[in-house]
Structures are given as C-alpha cells and as structure tokens.
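In: the sequence and its predicted three-dimensional model are supplied below.
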Amino acid sequence: MYGDAHEILYEMLKIMEIGEVKTKVMFNSNLSYKQLTRYFDLLETRGLIKKEIVEGKEI
C-alpha cells in the first residue's frame, strides 16, 4: 500500500481493529519496520492506540 500518511494510518488502524499483531500490520500496510515503528509511536502519542502484550506478543 502506498499513499499519504493519512491513508497509511487509516489502513493501520483498520488492521489493528481486528486484533492483528505488529508483523501483520507491517506486511498488510507494506511498511518497513522503521516506518511501522514511526507510525506506531505517532498513534500512541496521540492516544489512538496503546501497547498490549497478549500471549507474549505486542499488539
């Protein structure tokens, strides 16, 4: 997926809404790990997501 930051964030939130782990979000959004981390930090800073550990995996 390519697009502006708003489209990428929207796609990420859609994928996370169904409870997918970070790896699936990264692959489904077509992002590098560095990009994924930057977007996750942005979403967390704005209070749109929070980190949770489920069965040893960060979601």
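Out: That came through, no problem. Quantities reported herein were computed from a predicted structural model and do not represent experimental measurements.

In: would you check that S29 makes contact with K14?
Out: No. Applying Cβ atoms under 8 Å, one finds S29 not in contact with K14, separated by 9.4 Å. Backbone N, C-alpha and C define where each C-beta goes, glycine included.

In: please name the residues that touch the residue nearest to the spatial centre of the chain.
Out: Compute the mean C-alpha point of the chain, and by Cα atoms, centre = their mean the closest residue is M12, 4.6 Å away. Counting by Cβ atoms under 8 Å, 6 or more residues apart in numbering, M12 touches V25, S29, Y39, F40, L43.

In: which SS class is the first one?
Out: Remark: V25 carries the secondary structure label helix [criterion: DSSP: H, G, I helix; E, B strand; the rest coil].

In: so where do the helices sit in the chain?
Out: 5-17, 22-29, 33-45 (DSSP state H).

In: list the contacts of the last one.
Out: Translated: helix 33-45. In contact with helix 33-45 (Cβ under 8 Å, 6+ apart) are residues 5, 8-9, 12-13, 22, 25-26, 29, 31, 49-51.

In: and stretch 47-55, how far apart are its ends?
Out: 23 Å (Cα to Cα, to the nearest Å).

In: that older thread, return the member of the contacts of M12 nearest to E55.
Out: Nearest to E55 out of these is V25 (Cβ to Cβ; 16.6 Å).

In: distance check, that closest one against E44.
Out: Separation of V25 from E44 (Cβ to Cβ, to the nearest Å): 13 Å.

In: those two - which one has more neighbours?
Out: Shown here are V25 and E44; by other Cβ atoms under 10 Å, V25 has more neighbours (20 against 12).

In: which one is that one nearest to, not counting chain neighbours?
Out: Excluding the flanking residues, the one nearest V25 by Cβ to Cβ, 6 or more residues apart in numbering is I15, at 4.9 Å.

In: N30 is in contact with that neighbour, correct?
Out: No. I15 lies out of contact with N30 (Cβ under 8 Å); the separation is 11.3 Å.
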